[in-house]
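Student: when you get a sec, could you give me coordinates for this:
(one chain, ligands or ions: 1)
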Amino acid sequence: MEAKIIDGKDLSNRLREDIKSRVEKLKQNGIIPGLAVILVGNDPASAVYVRNKERACNGVGIYSRVIKLDENTSQEALLEYIYRLNVDETIHGILVQLPLPPQIDPNAVINAIDPAKDVDGFHPVNMGRLVIGEECFEPCTPKGIIRLIQETGQPIAGKHAVVIGRSNIVGKPVALMLLRHNATVTLCHSKTANLREIARQADILVVAVGRPNLVDSSFIKQGAIVIDVGINRVDDKLVGDVNFQDACHVAGWITPVPGGVGPMTITMLLENTVLAAERKWVG
Ligand SMILES: Nc1nc(=O)c2c([nH]1)NC[C@@H]1CN(c3ccc(C(=O)N[C@@H](CCC(=O)O)C(=O)O)cc3)C=[N+]21
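Tutor: Numbering: from 1, shown residues only. Okay, the predicted model is just below:
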């Protein structure tokens, strides 16, 4: 058996067409959706991501403002930028690229963003709303993962979903979102005993750890949906957390790296920015 590939790039391109027409509609009503991205320091990977986000905005007609700040920027100075963007009528979404340099507390920064402009969905208000099932900004990577699973045409309700990784930006929120879709969810982490045996029970396996080749075919149930969230650079090549070649023999569906979750993360950022502009318009 060979797994079907869930093509995140192709799905992204289709979704971006729809986002483009929503942007057009906003513009007909005098609103240009705007995203501000703040980049602190010179991390080369972050610079690439920010450039990709800027390019993606341009592709769908979203106004993007990239604010590049020096590596030594103080927390106070960064908060000042955020307060100004919070009250800037031309900006509907604010994203502060993570990780931040050590002198800046990421939680203090996330807390300073107006929850109505928090298109990353990282603010405690949005996180709390996600927990209780109220309308919120869903974090981009988990939101993209749900869309990729739905792309298989398989229902989520009643399935056993196993998530490996408990980060605030992927593992925890994606577990909550799968629960909201009525999956039975097991959330595994670095201290989980018998990880392989638990993973092997999954109808839907989401791997978000950041360790190349953590998961191979021995972790996968025949026919399972496997979502690889890992972005690891190995010998200048981009690989996920799943040994793709090996996993393909057992999985029913699998996302590739690159071309799986990554492009969907950016597409969901575009969608959240449009949502922020639309909500402001109706609300
Ligand atoms: N405030 C904040 N929000 C984020 O959403 C955020 C962040 N900080 N910090 C870093 C991570 C990482 N991230 C990625 C987005 C797209 C790809 C992506 O498009 N990947 C391509 C390959 C890109 C490449 O070649 O490097 C792919 O998988 O096909 C990857 C990673 C967003 N992040």
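
Student: could you confirm Tyr49 falls within a helix?
Tutor: Yes - counting by DSSP: H, G, I helix; E, B strand; the rest coil, Tyr49 is located in a helix.

Student: how many neighbours does it have?
Tutor: 19 (other Cβ atoms under 10 Å). Using the backbone N, CA and C atoms, a C-beta is placed for each residue, glycine as well.

Student: and for Gly210?
Tutor: With other Cβ under 10 Å as criterion, Gly210 counts 15.

Student: swap in Asn126?
Tutor: Counted with other Cβ under 10 Å, the neighbours of Asn126 add up to 24.

Student: ok, it - contacts?
Tutor: Shown in contact with Asn126 (Cβ atoms under 8 Å, 6 or more residues apart in numbering): Pro115, Asp118, Cys136, Phe137, Glu138, Pro139.

Student: how about 6 Å then?
Tutor: Contact partners of Asn126, counting by Cβ atoms under 6 Å, 6 or more residues apart in numbering, are Pro115, Asp118, Cys136, Phe137.

Student: could you single out the nearest of those to Arg180?
Tutor: Ranked by distance to Arg180 (Cβ to Cβ), the contacts of Asn126 are led by Cys136 at 11.3 Å.

Student: now the nearest residue to that closest one once chain neighbours are set aside: how far from Glu135?
Tutor: Sequence neighbours aside, Arg129 is the residue nearest to Cys136 in space, at 3.5 Å (criterion: Cβ to Cβ, 6 or more residues apart in numbering). According to Cβ to Cβ, to the nearest Å, Arg129 stands 7 Å off from Glu135.

Student: of those two, who's got more company?
Tutor: Neighbour count, other Cβ under 10 Å: between Arg129 and Glu135, Arg129 has more, with 17 against 10.

Student: these two touch, right, that one and Glu138?
Tutor: No - applying Cβ atoms under 6 Å, one finds Arg129 not in contact with Glu138, separated by 9.4 Å.

Student: which pLDDT value goes with Phe137?
Tutor: Looking at Phe137, its pLDDT stands at 98.

Student: circling back to that earlier point, pull the CA atoms of the helix or strand in which the residue nearest to Cys136 is found into PDB?
Tutor: For Arg129, the host element (DSSP states H and E) is helix 124-132. The C-alpha coordinates for helix 124-132 follow below in PDB (Å, rounded to 0.1, in the frame of the first residue of the first chain):
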ATOM      1  CA  PRO A 124      -4.700  34.400  26.200                       C
ATOM      2  CA  VAL A 125      -8.100  35.800  25.300                       C
ATOM      3  CA  ASN A 126      -8.100  33.900  22.000                       C
ATOM      4  CA  MET A 127      -6.600  30.800  23.600                       C
ATOM      5  CA  GLY A 128      -9.300  30.900  26.300                       C
ATOM      6  CA  ARG A 129     -12.000  31.300  23.800                       C
ATOM      7  CA  LEU A 130     -10.600  28.300  21.900                       C
ATOM      8  CA  VAL A 131     -10.800  26.200  25.100                       C
ATOM      9  CA  ILE A 132     -14.500  27.100  25.800                       C
END
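
Student: any idea how far it is from the chain center?
Tutor: Distance of helix 124-132 from the chain centroid (Cα atoms, centre = their mean, to the nearest Å) equals 16 Å.
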